[in-house]
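Peer 1: Turn this into a model:
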Amino acid sequence: MADKLLSTIESLGIVPVIVLKDAEKAVPLAKALLDGGIPCIEVTFRTSAAEESIRRISKAYPQMMCGAGTVLSIEQAQKAIDAGASFIVSPGLDEKLVRWCQEHSVPVFPGVCTASEVQAAVGLGLNVLKFFPAESSGGVKMIKDLCGPFPSVRFMTTGGISMANLAEYTTSPYVVAVGGSWMAKGDIIEKQDWAKITMLCKEAVTAIKDLRSGKKEEPKAQPSKPVEKNRVHKIVTFGEIMLRLKSPEHERFFQSPKLEATFGGGEANVAVSLSMFGEHAQFVTALPKNAIGESAVAEIRRHGVDVSRINMVDGGRVGIYFLETGADQRPSLVVYDRADSCIAKAKPSDFDFDAIMDGADWFHVTGITPAVSQSCADCALSAMKAAKKAGAKVSIDLNYRKKLWKYGKSAPEVMRELTKYADVIIANEEDIQKCLDISAPVDVTSGKIDTDVYKVLTEEVKKQFPNVSHVAVSLRESRSADRNGWSAALNGKGGFYHSRHYDMNDIIDRVGGGDSFAAGIIFGLLNYEDEEFALNYAVAASALKHTIPGDFNLTRRSEVEALCKGDGSGRVQR
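Peer 2: Numbers count the residues shown, from 1 in each chain. Predicted structure coming up:
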């Protein structure tokens, strides 16, 4: 809990320090902060309304990290934690209070301003401290001096910080985050001017982001600064994993009397790829308690995926898909045999999605899952709602499969409802047209790309679904079954981007290529501040997947970044 809390605070760079005199204003204030992009608050225990304010905020917005500040005693700390506080901040260093918090696994940040206090805190096992009062204690210069003899210590600074001096604190390598009240001062709260608080929060968030990046144009071939250093994200995916039976090499079905058996499926492929990149990926599905179901679990587990939430059920079956790999002008062919699979019969009540999403940073599902059955669509919707409730980002890869929509509802009828709960849409041009009923003059078989069309198309998606912040579109130029051009476009928060282009002239296996692109987008948006680099990372990851047989993208982060830097020579790495 402490690591996740600290990572989130560090990524934000700011903690609003709030004095609440009236608990009735707590919930609308929390909403104003969230709307402004700050899911964190420190409610000071200076008033009688503090305890009830924390309780109301924690209940109304469980995704909000609500801490208690100006805590002077163990009794106050106990009240704050019982009310729902997730961390404790004290103005000074109280050994008894610190040890109580440690014994109860409560993150605590005591205030210090001298070398003796820092040394005492380090002796208690702490390395992130509150520097208070910052300005009157010497500011950034004093912080730098303290970090000389204590290089492992970093600070959250409060006291006298405002937009006027934000830059010197935010750009200091010794400062995790700044605490302040300028974005939600007492008089603004009293006036209940929530819109102004949201505006001031957005200004602060933007200012910190700009200051950290230096507003310098980085070479796009180089990785941008990670959003959160050494941060492993929990990413949950939900869907079906199938037995994949493929004809050898480029043979037709049963040209020789054998099929190659592996496993694959959209959300499972994404989970494996993210695990290979170093994330905590958790795959959720339903499988039968038999040798085939257990083999599927073992296959994704060996790639580091968390399988603890897979439902193993009595009876049922594993879905199957048959694959014949095309060549030149002969296209690849997929035949599905997935009726009555365990996941097709699964119901939302079979999964404790609230518990599954606890601590999740991101949830991903594809349009394949709701196409399988009505109950699968219900599961996808329940999972997305639980993810949003938990404060996780939600992505959906539209993935239109005309062979699957057979249970009485059209793709737009289902997918437009699901899209209302998504932050990130991943698709190709046909997916958007067939799933969202949003059209653009695109010929998917022409082999040519007109990026202006995709800008218009993605803008229309964001217009119809204002909850969506990013629309990523893969752009495949299909010249033949094993010769493709490959790039992508992203309509993000900062603008519209078109990626680097790859000519893939010897495709080994294109199945799973879209899933590797989706995994790259998720990883890129979580780990890089630069949206354009995040897009290029995703395209490079997918380009590499096309060189690997099977559904899974077994490339590492370092390999993808090397290709982003321009190393596509294929020379032997020694």
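Peer 1: Now the terminal residues of stretch 357-368, how far apart.
Peer 2: 21 Å (Cα to Cα, to the nearest Å).
Peer 1: Now do that stretch: distance to the chain's middle.
Peer 2: Distance of stretch 357-368 from its chain centroid, counting by Cα atoms, centre = their mean, to the nearest Å, is 8 Å.
Peer 1: now swap in stretch 238-247 and tell me
Peer 2: Centre-to-centre, stretch 238-247 and its host chain are 25 Å apart (Cα atoms, centre = their mean).
Peer 1: in it, what counts as buried?
Peer 2: Of all the residues in stretch 238-247, those buried under the rule 16 or more other Cβ atoms under 10 Å are 238-247. Bear in mind the C-beta positions are built from the backbone N, C-alpha and C, glycine included.
Peer 1: Please name the strands paired to the longest strand along the chain in the sheet, noting orientation.
Peer 2: In the chain, assigned by DSSP state E, the strand with the most residues is strand 470-480. Partner strands for strand 470-480, per DSSP bridges, with pairing direction: strand 424-427 (parallel), strand 483-491 (antiparallel).
Peer 1: now, of those strands, which is deepest in the fold?
Peer 2: With neighbours defined as mean count of other Cβ atoms under 10 Å, the strands paired with strand 470-480 peak in mean count at strand 424-427, which reaches a mean of 26.
Peer 1: Can you pull the domain assignment for this structure?
Peer 2: When the chain is parsed with automatic domain parsing, its domains come out as 2-213, 234-564.
Peer 1: Turn these into TSV, columns for mean pLDDT.
Peer 2: What follows is the domains of the chain, written out as TSV (pLDDT from 0 to 100):
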stretch	mean pLDDT
domain 2-213	91
domain 234-564	91
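Peer 1: now the helices for the stretch 301-450 of the chain?
Peer 2: Under the criterion DSSP state H, counting those that start in this stretch, helices of the stretch 301-450 of the chain are mapped to 342-345, 353-356, 368-372, 374-389, 411-419, 429-436.
Peer 1: Reformat those as JSON lines; add mean neighbour count and distance to E51.
Peer 2: Formatted as JSON lines, those follow (neighbours: other Cβ atoms under 10 Å; distance: least, Cβ to Cβ, whole Å):
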{"stretch": "helix 342-345", "mean neighbour count": "22", "distance to E51": "45"}
{"stretch": "helix 353-356", "mean neighbour count": "17", "distance to E51": "26"}
{"stretch": "helix 368-372", "mean neighbour count": "26", "distance to E51": "43"}
{"stretch": "helix 374-389", "mean neighbour count": "21", "distance to E51": "24"}
{"stretch": "helix 411-419", "mean neighbour count": "19", "distance to E51": "39"}
{"stretch": "helix 429-436", "mean neighbour count": "22", "distance to E51": "46"}
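Peer 1: so which of those helices gets nearest L6?
Peer 2: helix 374-389 (22.5 Å; Cβ to Cβ).
Peer 1: The residue nearest in space to the middle of the chain pairs with what?
Peer 2: By Cα atoms, centre = their mean, the chain has its centre lying nearest to W362, at 3.8 Å. W362 forms beta bridges with I235, K393, as assigned by DSSP bridges.
Peer 1: is it true that it touches I235?
Peer 2: Yes. Assessed by Cβ atoms under 8 Å, W362 is found in contact with I235 at 4.4 Å.
Peer 1: so what's in contact with those two at the same time?
Peer 2: Common neighbours of W362 and I235 are listed as 522, 526 (criterion: Cβ atoms under 8 Å, 6 or more residues apart in numbering).
Peer 1: Can you give the contact residues for the longest helix along the chain?
Peer 2: In the chain, taking DSSP state H as the definition, the longest helix is helix 194-213. Residues from elsewhere that reach helix 194-213 (Cβ under 8 Å, 6+ apart): 12-14, 16, 28-29, 31-33, 35-38, 163, 166-167, 170-171, 182-184, 188-189, 224-225, 529.
Peer 1: repeat for stretch 167-176
Peer 2: For stretch 167-176, using Cβ under 8 Å, 6+ apart, the contacting residues are 6, 9-10, 13, 128, 134, 139-140, 143-144, 147, 153-157, 161, 178, 207-208, 211-212.
Peer 1: Mind checking which of these land in strands?
Peer 2: Counting by DSSP E, the part of the contacts of stretch 167-176 found in strands is 128, 154-157, 178.
Peer 1: for these, which one is nearest L535?
Peer 2: Among the ones in strands among the contacts of stretch 167-176, and counting by Cβ to Cβ, the member closest to L535 is V178, at 30.6 Å.
Peer 1: which ones are touching the closest one?
Peer 2: Counting by Cβ under 8 Å, 6+ apart, the residues that V178 touches are 13-15, 156-158, 161, 166, 169-170.
Peer 1: Beta-bridge partners for it, please?
Peer 2: Going by DSSP bridges, V178 forms beta bridges with I14, T157.
Peer 1: And it, how close does it get to A134?
Peer 2: To A134, V178 is 8 Å away according to Cβ to Cβ, to the nearest Å.
Peer 1: Which neighbours do the two have in common?
Peer 2: Common contacts of V178 and A134 (Cβ under 8 Å, 6+ apart): 157-158, 161, 169.
Peer 1: Tell me the helix or strand right after the one helix or strand F517 maps to.
Peer 2: Assigning secondary structure by DSSP states H and E places F517 in helix 513-527. Counting by DSSP H and E, the next helix or strand C-terminal to helix 513-527 is helix 531-545.
Peer 1: List the buried residues in whichever helix or strand comes after that following helix.
Peer 2: Downstream of helix 531-545, the next assigned helix or strand under DSSP H and E is helix 557-564. The neighbour-count check on helix 557-564 (16+ other Cβ under 10 Å) flags 557, 559-564 as buried.
Peer 1: For those, could you give me JSON lines that also reports distance to G391?
Peer 2: JSON lines is the format used below for those (distance: Cβ to Cβ, whole Å):
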{"residue": "R557", "distance to G391": "25"}
{"residue": "E559", "distance to G391": "32"}
{"residue": "V560", "distance to G391": "28"}
{"residue": "E561", "distance to G391": "29"}
{"residue": "A562", "distance to G391": "34"}
{"residue": "L563", "distance to G391": "33"}
{"residue": "C564", "distance to G391": "30"}
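Peer 1: ok, G160 - contacts?
Peer 2: 133-136.
Peer 1: quick one: which of those residues is nearest to L475?
Peer 2: Nearest to L475 among the contacts of G160, counting by Cβ to Cβ, is A134 at 49.1 Å.
Peer 1: any idea how far the closest one lies from V112?
Peer 2: Distance of A134 to V112, computed by Cβ to Cβ: 11 Å.
Peer 1: N269 too?
Peer 2: N269 is 48 Å from V112, by Cβ to Cβ.
Peer 1: out of those two, which sits in the more crowded spot?
Peer 2: Just comparing N269 and V112: by other Cβ atoms under 10 Å the higher neighbour count belongs to N269, 30 against 25.
Peer 1: Now do the SS call for the more buried one.
Peer 2: Three-state call for N269 (DSSP: H, G, I helix; E, B strand; the rest coil): helix.
Peer 1: Can you give me the neighbour number for D145?
Peer 2: Here the number of neighbours of D145 (other Cβ under 10 Å) works out to 12.
Peer 1: where do the strands sit along the stretch 251-400 of the chain?
Peer 2: 260-264, 280-284, 286-288, 311-313, 320-324, 333-337, 362-366, 393-397 (DSSP state E, counting those that start in this stretch).
Peer 1: Could I get the buried residue list for the third one?
Peer 2: By neighbour count, with 16+ other Cβ under 10 Å as the criterion, the buried positions of strand 286-288 are 286-288.
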